[in-house]
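# fold the following, please.
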Amino acid sequence: MSGRVPVTVRTAQWCATHPWRAIAGWVLLLALCVGAGAAAGTNKGSFADFWVGEAGRAEAMASGSGLTPPPVEQILIEHAAGTAGGAVAGSGAAVGASPGSGVLAAAAEDVARRMAALPAVEDVAEPVPSRDGAALRVAVTLRGDKETAKEDVDALLAQTAAVKKAHPALRIEQTGSASISVAVNDKQGQELQRTEMISLPVTFLILLVVFGAVLAAGIPVLLALFAFAGAVGLYGLASWVFPDAGGAALSVIFMMGMAVGVDYSLFFLKRAREERERSGGSISPARAVELAAATSGRAVVDSGLAVALSLAGLYVVGDVIFSSIATGAILVTLVAVGGSLTVLPALLAALGHRMDGGRLARRSRRRGGRGEGRLWAAVLRPVVRRPLVSLVAGLVVTVALAAPALGMRLGTEGKETFPDSVPAVAAYDRLVTAFPSEGPAHLVLVRGDDPAAPLRRLAEATRGDRLFAQDRMPVVRTAEDGRTALLALPVPYAQNSPEATRSLEKVRGELLPAAVAGTGTEGATGTGAGTGTGAPGAQWAVSGEIAAGADYAAHQERRLPWVVALVALATFAVMFAAFRSVVMAAVGMLLNLAAVLVAWGVLTLVFQGRWAEGPLGFESLGFVGSRTPLMVFAILVGLSTDYQIFVVSRIREAVRRGVPTRTAVVDGIAGSASVVTSAAVIMVSVFVSFLFIDRIEMKQIAVGLTVAVLFDAIVLRAVILPSAMALLGDRAWWPERPPTDRSPKHPAHPAPPVPSRAARPVGA
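Purely as a prediction, here's the structure:
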């Protein structure tokens with residue numbers, strides 16, 4: 001069959017023929033990407049980009065009227081544990097009556113003097129004692145907004161450390177949104193570097209075992225790092241279209257870069273080696289590269305397209321965090337595809353026989369490949385002999401693992417979800433214990449004539465209600481134009497607790513509508529989660545950490561079905577284009593969704609319960625992060641499609657040679673077992689390394705992806721896929737018809753014919 005030579009083959013031919021030019025061009029391109037990204041800088045998303053739902057509308061009302069609360073840092077002063085002078089909890093003594101309170105007051109004066117001298121500080125409040133007199137807090141208000149506060153907070157932390165040094169008998173700590181954000185991000189950055197130091201050598205060792213040669217093992221790791229560096233540079237440029245969400249994308253870029261970058265190089269390199277070994281070493285490295293490009297090269301392109309389209313579904317969420325993550329992950333995937341099709345063929349041709357390793361390594365590879373192939377064939381033959389039983393068994397396991405997802409509860413990250421190993425987070429916990437009103441708060445906005453009146457009624461309605469903090473009376477703030485007013489209602493519970501949720505529902509559904517209407521709560525009519533109008537011309541909305549988290553989670557739940565539908569259709573289209581089969585595209589799509597549901601089910605089992613806290617090193621919050629299911633879905637569908645394309649391409653390749661479908665299933669899966677299993681092991685090692693990041697959201701993503709990859713390798717690829725294809729038989733390739741030549745002359749593992757330059761190869 002004649003036709004146009006695929007672009008993957010033509011590209012590989014040129015790069016293999018002109019290897020040093022291709023390598024120099026690739027290095028230059030990466031340098032341009034990194035340089036352009038550094039020159040352009042990174043465009044950070046504004047706070048308005050994060051506004052969602054009613055909470056977002058409340059933030060807009062506050063911003064437009066000048067009522068946005070300024071950034072505040074709290075300095076907590078207590079007696080150090082075990083020292084004399086600490087007040088007895090619950091004594092109710094005033095600060096002046098507490099033993100040792102003079103020492104606390106002296107430290108507070110020192111804090112006020114030092115902080116007031118800083119240019120970034122706008123105001124230092126009078127020290128406030130806790131109810132038991134055991135602690136003092138000093139509120140320091142910063143100039144500017146939350147973003148500038150992150151830049152200025154280091155100066156405050158330095159003064160807090162100086163006060164602590166001057167008063168060694170006291171425990172003096174600083175906390176606040178800015179100090180927590182900076183500390184958590186710094187800690188995550190350090191742990192990400194540690195993750196890189198773990199995953200890189202582990203990946204290299206795995207590849208060394210697979211290839212038996214240092215050069216062959218090092219090149220995929222090097223190309224993955226190049227993909228990461230190039231994508232980070234391009235991400236800086238792309239951030240001016242899709243703003244960066246506070247660096248949230250960098251961890252995902254590294255994770256995806258290592259996963260797909262190593263995988264694509266591994267698939268291509270493995271196939272080039274196979275072609276040389278099948279020919280007995282009679283063909284040149286450049287010719288082996290051409291043959292690999294005709295098979296695995298096409299699959300790399302299809303897989304990269306599938307991963308990119310899956311990640312593009314995150315744009316549908318309409319959220320700056322997901323948009324930045326999608327942008328970074330798509331860029332690193334495309335750069336990895338480009339490297340696998342250009343610089344990798346050039347390196348293989350330039351290094352030639354040195355990529356093969358020694359004679360012992362070649363013998364070991366041949367023995368290992370045959371041994372693994374025989375092992376997989378032995379596992380698969382009973383599956384295809386009894387396909388219905390095998391399929392039912394696989395589906396039962398799938399349903400059992402996925403079923404807990406029906407009880408998944410979503411929540412959002414808050415100060416109480418960050419690790420206590422961060423000093424600012426531990427200080428926040430102690431601050432809220434001593435001063436309950438310094439915890440989460442509902443920010444209630446009312447706009448209209450005399451907006452302060454309904455807010456005063458609302459504050460009065462919450463007195464004595466345990467759902468709201470009672471250690472101080474809330475204060476109403478009115479805008480300069482007198483048309484908008486703000487009330488902060490503190491809540492003495494964690495942001496994601498059931499009590500906090502009930503308090504939000506009570507404010508939005510009962511207390512606030514009644515206060516605006518000027519009635520008691522008995523006559524109130526709720527407005528749900530939307531901005532309401534009670535008295536003529538009045539508008540109101542509720543924001544704050546609790547409301548923003550609830551609205552964000554609800555937003556994700558509303559968008560999730562759309563993302564799932566669009567990503568499923570996109571992957572269906574890619575697999576149909578790859579296999580020209582409606583049936584196999586549908587099977588692949590269903591297998592992807594099965595892997596996702598299993599990942600969600602295991603996430604629910606692990607992170608909503610407490611049984612896995614010890615082994616995984618986390619404290620259960622009773623919910624799954626609202627971003628985690630969507631992130632796991634988008635990443636996993638792309639990676640699962642990756643495996644699907646490579647495995648089914650091998651099966652289809654055998655069918656096109658005339659091998660019956662059932663036999664081709666065993667031959668194709670067993671023949672690709674070595675490379676796909678190696679890729680799965682590498683991917684799992686990358687994901688597992690993220691468990692060492694002390695942040696619950698990263699642990700959840702790592703567990704979800706790790707479980708899904710293992711499930712794909714053990715259940716989907718070994719049981720469900722082969723049994724389904726055995727039941728379908730030749731109908732699996734509809735609307736195409738497989739070749740009718742079924743003569744027994746075809747060997748079980750034949751070498752594919754060497755295509756001419758005009759032949760269009762198929763499969764991987």
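# Ala585 contacts Ala570, correct?
No: taking Cβ atoms under 8 Å as the definition, Ala585 is not a contact partner of Ala570, at 11.1 Å. In short, each C-beta sits where N, CA and C put it, glycine included.
# domain map for the chain?
Following automatic domain parsing, the chain resolves into domains at 1-40+212-357, 71-182, 422-550.
# which one of those domains lies closest to Ser649?
With respect to Ser649, and counting by Cβ to Cβ, the nearest of the domains of the chain is domain 1-40+212-357 at 5.1 Å.
# now stretch 446-464: buried residues?
446-448, 451-455, 457-459, 461-462 (16 or more other Cβ atoms under 10 Å).
# can you list these in JSON lines and add distance to Met115?
What follows is the buried residues of stretch 446-464, written out as JSON lines (distance: Cβ to Cβ, whole Å):
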{"residue": "Val446", "distance to Met115": "33"}
{"residue": "Arg447", "distance to Met115": "34"}
{"residue": "Gly448", "distance to Met115": "38"}
{"residue": "Pro451", "distance to Met115": "33"}
{"residue": "Ala452", "distance to Met115": "31"}
{"residue": "Ala453", "distance to Met115": "36"}
{"residue": "Pro454", "distance to Met115": "36"}
{"residue": "Leu455", "distance to Met115": "30"}
{"residue": "Arg457", "distance to Met115": "36"}
{"residue": "Leu458", "distance to Met115": "33"}
{"residue": "Ala459", "distance to Met115": "30"}
{"residue": "Ala461", "distance to Met115": "36"}
{"residue": "Thr462", "distance to Met115": "32"}
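# ok, those residues vs Arg273, which is closest?
For the buried residues of stretch 446-464, the nearest to Arg273 is Arg447 (69.6 Å; Cβ to Cβ).
# for the closest one, give the beta-bridge partners.
Assessed by DSSP bridges, Arg447 has beta-bridge partners Thr484, Gln539.
# mind listing what it touches?
Contacts for Arg447 (Cβ atoms under 8 Å, 6 or more residues apart in numbering) come out as 61, 65, 483-484, 538-540.
# which residue ranges of the stretch 101-250 of the chain form helices?
101-116, 146-166, 177-211, 214-238, 248-278 (DSSP state H, counting those that start in this stretch).
# just the stretch 651-764 of the chain next, same as before
In the stretch 651-764 of the chain, the helices defined using DSSP H, counting those that start in this stretch lie at 661-689, 696-711, 721-728.
# these: lowest mean pLDDT?
Lowest mean pLDDT within the helices of the stretch 651-764 of the chain: helix 661-689, a mean of 82.
# so Phe204 is in contact with Gly218, correct?
Yes: at 6.5 Å, Phe204 counts as touching Gly218 under the criterion of Cβ under 8 Å.
# those two: which has the busier surroundings?
Just comparing Phe204 and Gly218: by other Cβ atoms under 10 Å the higher neighbour count belongs to Phe204, 18 against 14.
# so what pLDDT did that one get?
On the pLDDT scale, Phe204 gets 86.
# distance of it from Glu151?
38 Å (Cβ to Cβ, to the nearest Å).
# before we move on, back to that, and Arg409, which of the helices of the stretch 651-764 of the chain is closest to it?
Nearest to Arg409 among these is helix 696-711; the distance by Cβ to Cβ comes to 12.8 Å.
# for the closest one, C-alpha coordinates in CSV please.
Provided in CSV are the C-alpha atoms of helix 696-711 (Å, rounded to 0.1, in the frame of the first residue of the first chain):
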residue,chain,number,x,y,z
ILE,A,696,-2.9,16.9,52.2
GLU,A,697,-3.9,17.9,48.7
MET,A,698,-0.6,16.6,47.2
LYS,A,699,-0.9,13.4,49.1
GLN,A,700,-4.5,12.9,47.7
ILE,A,701,-3.4,13.5,44.1
ALA,A,702,-0.4,11.1,44.6
VAL,A,703,-2.6,8.3,46.1
GLY,A,704,-5.3,8.7,43.4
LEU,A,705,-2.9,8.6,40.5
THR,A,706,-0.8,5.7,42.0
VAL,A,707,-3.8,3.5,42.7
ALA,A,708,-5.2,4.2,39.2
VAL,A,709,-2.0,3.3,37.4
LEU,A,710,-1.7,0.1,39.4
PHE,A,711,-5.3,-0.8,38.8
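# how far does it sit from its chain's centre?
Distance, stretch centre to chain centre, for helix 696-711: 10 Å (Cα atoms, centre = their mean, to the nearest Å).
# ditto for stretch 491-503
With Cα atoms, centre = their mean as the basis, stretch 491-503 stands 26 Å off its chain's centre.
# same deal with stretch 691-700?
With Cα atoms, centre = their mean, you get 10 Å for stretch 691-700.
# and for stretch 429-442?
Relative to the mean C-alpha coordinate of its chain, stretch 429-442 is positioned 29 Å out (Cα atoms, centre = their mean).
# list the buried residues for that stretch?
In stretch 429-442, counting by 16+ other Cβ under 10 Å, buried: 429, 431-432, 434-442.
# could you do stretch 243-253 as well?
Buried-residue list, stretch 243-253, by 16+ other Cβ under 10 Å: 243-246, 248-253.
# which one of the residues you listed is nearest to Val422?
Lowest distance from Val422 to the buried residues of stretch 243-253 (Cβ to Cβ) belongs to Gly246, with 16.1 Å.
# from Gly411, how far out is that closest one?
Taking Cβ to Cβ, one finds Gly246 at 19 Å from Gly411.
# so which residues of this protein form strands?
Assigned by DSSP state E, the chain shows strands spanning 72-79, 121-124, 128-129, 135-142, 170-176, 410-411, 441-447, 476-478, 484-490, 539-544, 624-625.
# of all those strands, which lies closest to Gly509?
strand 539-544 (10.3 Å).
# helices and strands around that closest one, which ones?
helix 53-65, strand 441-447, helix 512-517 (3 or more Cβ pairs under 8 Å, 6 or more residues apart in numbering; DSSP states H and E).
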